[in-house]
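Asks: quick check, what structure comes out for this input:
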Amino acid sequence: MKEIKIFSKNNIFQKFVVLKTNRNKRYRYNEFLVEGVRSLNEAVKNNWKIKSFLYDRNNLSGWAEEMINKVKTDINYCLSSELMEELSGKEDTSELMAVIEMREDKLDHVMLSDNPFIVLFDRPSNKGNLGTMIRSCDALGADMLIITGHSVDLYDTDVVVSAMGSFFNLPVIRISDNKTLFEYIGRLKEKYSNFITIGTTAHNENPIYSAELTSPLMLMMGNETRGLNKAFKEYCDLLCTIPMSEKSYATSFNVSCAASILMYEITRQRGI
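Replies: As a prediction, this is how the structure comes out:
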């Protein structure tokens with residue numbers, strides 16, 4: 001495998017910097033920068049396209065050496081320890097980073113289970129919330145997470161880090177227009193006669209534990225500050241809420257916290 005040595009902040013190094021920091025440049029290159037043992041292991045395990053590895057030849061563990069040798073890449077880059085330290089977002093500099101190709105947003109390419117459980121996150125505006133949502137969806141058995149509208153960047157470094165390895169294990173699809181989403185839900189309702197869409201609301205609606213959640217479904221979570229948009233609410237078959245203590249000062253949950261509670265109830269009813 002071809003290896004290029006980089007010991008200055010040349011154009012190639014500047015590309016790595018913008019892949020990490022610049023949303024528009026990431027999409028122009030259709031690539032993003034990843035570090036962390038768990039994330040890289042899951043990316044390889046789930047057959048993401050690794051374009052390049054970045055490393056300091058003088059600071060490689062057996063794991064990193066094996067990863068470089070066994071994974072087919074287009075080209076690898078050997079950086080100085082100083083450049084690796086500058087590029088790494090970790091307190092202890094990562095020994096291995098990777099440039100990974102983004103995946104296409106194709107709803108119909110996602111293989112669903114026999115009893116689909118899909119989660120939708122409407123216009124997420126916080127990187128940590130999106131990463132945590134991905135992690136919770138993965139942990140609680142969702143088939144897929146759909147992100148709608150203008151949102152934080154799925155491929156932002158902070159999202160990937162907060163999702164940990166789940167980022168590469170859970171299909172996450174971005175949808176920019178409601179028409180595409182509603183057409184997809186229509187196809188699901190044709191395929192699964194008992195498919196339902198469940199929206200979430202902070203108002204005193206149906207308690208989540210009273211809903212029948214064992215059939216194929218899509219759970220719709222709203223934006224952190226504005227909630228679920230009106231079009232989605234009107235499209236839902238059912239609106240549910242999480243009952244809160246009457247003594248509570250809090251009037252709502254953090255969206256990723258609420259999603260975890262709701263998804264747990266779904267998996268509990270399904271006996272997963």
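Asks: quick one: low-confidence ranges for the stretch 151-272 of the chain?
Replies: Low-confidence segments of the stretch 151-272 of the chain (pLDDT under 70): 202-204, 251.
Asks: how about the strands in it?
Replies: For the stretch 151-272 of the chain, applying DSSP state E, counting those that start in this stretch gives strands covering 172-175, 196-200, 206-207, 217-221, 238-241.
Asks: which residues are contacting the first one?
Replies: Spelled out, it's strand 172-175. With contact meaning C-beta atoms under 8 Å, 6 or more residues apart in numbering, strand 172-175 is reached by 105-107, 110, 134, 144-148, 151, 154, 181. For glycine as for every other residue, the C-beta is placed from the backbone atoms N, C-alpha and C.
Asks: in it, what's buried?
Replies: Val172, Ile173, Ile175 (16 or more other C-beta atoms under 10 Å).
Asks: export that strand as PDB, just CAs?
Replies: Coordinates of each C-alpha in strand 172-175 appear next as PDB, following Å, rounded to 0.1, in the frame of the first residue of the first chain:
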ATOM      1  CA  VAL A 172     -28.700   6.600  10.000                       C
ATOM      2  CA  ILE A 173     -30.400   8.300   7.000                       C
ATOM      3  CA  ARG A 174     -30.800  12.000   6.400                       C
ATOM      4  CA  ILE A 175     -34.000  13.200   4.700                       C
END
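Asks: mind checking which of the strands of the stretch 151-272 of the chain is nearest Ala43?
Replies: Among those, the nearest to Ala43 by C-beta to C-beta is strand 172-175 (13.5 Å).
Asks: and Met84, what does it touch?
Replies: Leu54, Tyr55, Asp56, Asn59, Thr93, Ser94, Glu95, Met97.
Asks: and the strands of the stretch 151-272 of the chain, which is most packed in?
Replies: strand 217-221 (a mean of 25; mean count of other C-beta atoms under 10 Å).
Asks: quick one: list the elements packing against that strand.
Replies: Applying 3 or more C-beta pairs under 8 Å, 6 or more residues apart in numbering; DSSP states H and E, one finds that strand 217-221 makes contact with strand 117-122, strand 196-200, helix 255-270.
Asks: before I go, just wanted to say thanks for your time.
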